[in-house]
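>>> sequence isn't available, so here's the structure alone:
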Ligand code: NAD
Ligand code: SER
């Protein structure tokens, strides 16, 4: 893979850094680009542990003046914007979800249009797809009629990113993440969160009640693959990024009973039961599997983890984590 040369002048700001993705992304960015070149930021003040790891700013993504001040103070050149309400939380608070998900994006896009920053990463989601989209091997370019507030905000965000790129030359990069699964951080209000909770409960109580029913196959990805894809698309030469809305990205697909079966290979007495709630309708509107040919062809994307490899890694790491508590 060819990477842009990361000059010492580059400084990265991660907005919404304390969440499921931000926790892992900040750590990896600091490993690759230097501790002091990556500024973490989120709503709450940093605790002593966070401050020891590198620069941190308390920042509300809706506060454009403060965002601008942080960008100037640290000489920021790239922003990874992760602050958002996810699918399940957004359905409960639609107006605020729309405000947060859209206004935060506009603030960052405007900073780039005004040439205060050079590059933006903003994640989209499989939630852009809706019930009228082909559900198997969903192509990059297809019918996009999202059924959720979250999905509508991601679809609109994609279109705005593309518009800022074509109209103002803003360097925007985006991925339609599947459901993300990791052991280092907790998920924050999504429909795919069950696939994280199930590992914790398997180790703690040997049983789990899934809020999605049997047979609900969804596209998923292990966090190390997602972090690698994120940094890879950001570091790829601009001419390789031919899609400025957002790229389809695939890792694996499974239903609750399949993740349970893969856990049972390690914990034979683990049991799953089902009590579907409002998140079932959200999941039913999403694809079962994703065709990510364009990401593979344009900038060399290739996932490393399948379900069995992920389960082994999750259980080893969570066991170690619980042993320390
Ligand atoms: P998360 O909910 O775990 O983290 C979001 C973070 O943003 C939290 O730490 C929260 O405190 C912070 N935040 C909320 N409002 C803020 C504000 N006004 N100002 C600053 N920070 C604020 O979410 P995540 O899973 O890390 O997702 C990050 C991004 O990735 C989101 O755009 C989400 O839509 C997208 N995404 C995530 C997944 C997934 O499975 N996790 C899948 C697809 C897309
Ligand atoms: N994992 C996310 C969610 O469930 C998908 O964007 O909301």
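Nice, thanks for sending it over. This is a predicted model, so every value here is computed, not measured. Ligands and ions are numbered 1, 2, ... in the order given.

>>> gap between stretch 116-125 and the chain center?
Chain-centre distance of stretch 116-125: 13 Å, with C-alpha atoms, centre = their mean, to the nearest Å.

>>> report the contact partners of residue 309.
Residue 309 makes contact with residue 222 under the criterion C-beta atoms under 8 Å, 6 or more residues apart in numbering. For every residue, glycine as well, the C-beta is placed using N, CA and C.

>>> for residue 319, that is, sorry about that
Contacts of residue 319 (C-beta under 8 Å, 6+ apart): residue 203.

>>> quick check: residue 247 touching residue 293?
No: contact criterion C-beta atoms under 8 Å: residue 247 and residue 293 do not qualify, at 10.0 Å.

>>> overlap of the contact sets of these two?
The overlap between the contact sets of residue 247 and residue 293 (C-beta under 8 Å, 6+ apart) consists of residue 140.

>>> neighbour count: these two, which is higher?
Applying other C-beta atoms under 10 Å to residue 247 and residue 293 shows that residue 247 carries more neighbours, namely 23 against 14.

>>> need phi/psi at that one.
Per-residue torsions, residue 247: phi -90, psi 140 (degrees, to the nearest 10).

>>> in contact with it, which residues?
Neighbours of residue 247 in contact, by C-beta under 8 Å, 6+ apart: 140, 174-176, 233, 292, 294-295, 298, 301.

>>> let's see that with 7 Å instead.
175-176, 233, 292, 294-295 (C-beta atoms under 7 Å, 6 or more residues apart in numbering).

>>> of these, list those near ligand 1.
Applying C-beta under 6 Å from any ligand atom to the contacts of residue 247, one finds that nothing falls near ligand 1.

>>> show me the shaky parts of this protein.
Low-confidence segments of the chain, defined by pLDDT under 70: 1-8.

>>> who's sitting farthest from the centroid in it?
residue 269 (32.1 Å; C-alpha atoms, centre = their mean).

>>> once you drop chain neighbours, what's closest to residue 56?
Excluding the flanking residues, the one nearest residue 56 by C-beta to C-beta, 6 or more residues apart in numbering is residue 46, at 3.9 Å.

>>> before we move on, what SS does the one you found have?
Following DSSP: H, G, I helix; E, B strand; the rest coil, the label given to residue 46 is coil.

>>> contacting residues around residue 104?
Residue 104 makes contacts with 61-62, 81, 83, as judged by C-beta under 7 Å, 6+ apart.

>>> in this structure residue 207 contacts residue 274, no?
No: the criterion here is C-beta atoms under 7 Å, and residue 207 misses it with residue 274 at 11.9 Å.

>>> the stretch 51-200 of the chain against ligand 1: which residues are in contact?
59-62, 82-84, 86, 100, 123, 125, 177, 179-180, 187-190, 192.

>>> just the buried residues from these, in PyMOL please.
In PyMOL, this line selects whichever of these come out buried by 16 or more other C-beta atoms under 10 Å:
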select buried, resi 59+61+82+83+84+86+100+123+125+177+179+180+187+188+189+190+192
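
>>> out of the residues of the stretch 51-200 of the chain next to ligand 1, name the ones that lie in helices.
residue 100 (DSSP state H).

>>> can you tell me the closest non-neighbouring residue to the residue in the stretch 151-300 of the chain that ligand 1 sits nearest to?
Residue of the stretch 151-300 of the chain nearest ligand 1, by C-beta to the nearest ligand atom: residue 188 (2.3 Å). Spatial nearest neighbour of residue 188, excluding adjacent residues (C-beta to C-beta, 6+ apart): residue 19 at 5.0 Å.

>>> surely the one you found meets residue 82?
Yes: here residue 19 reaches residue 82: they are 6.1 Å apart, a contact under C-beta under 7 Å.

>>> near ligand 2, which residues of the stretch 151-300 of the chain are found?
179, 190-192.

>>> ok, residue 198 - contacts?
Per C-beta under 7 Å, 6+ apart, neighbours of residue 198: 208, 210, 259, 263.

>>> let's see it at 10 Å
Residue 198 sits next to 181, 207-210, 256, 259-260, 263, 270, 272, 311, 314 when contact means C-beta atoms under 10 Å, 6 or more residues apart in numbering.

>>> which ones among those map onto helices?
256, 259-260, 263, 311, 314.

>>> how far away is the residue in the chain that ligand 1 sits nearest to from residue 305?
Per C-beta to the nearest ligand atom, residue 19 is where the chain lies closest to ligand 1, at 1.8 Å. Distance of residue 19 to residue 305, given as C-beta to C-beta, to the nearest Å: 21 Å.

>>> cool, residue 32 as well?
Applying C-beta to C-beta to residue 32 and residue 305 gives a distance of 20 Å.

>>> who has more neighbours, those two?
residue 305 (21 against 14).

>>> tell me how many other residues surround the closest residue to that one other than its chain neighbours.
Nearest residue to residue 305, sequence neighbours excluded (C-beta to C-beta, 6+ apart): residue 222, at 3.9 Å. Neighbours of residue 222 under the rule other C-beta under 10 Å: 24.

>>> ramachandran angles for residue 14?
Per degrees, to the nearest 10, the backbone of residue 14 is at phi -110, psi 120.

>>> that one against residue 50, yeah?
No: applying C-beta atoms under 10 Å as the test, residue 14 and residue 50 come out as separate, 12.0 Å apart.
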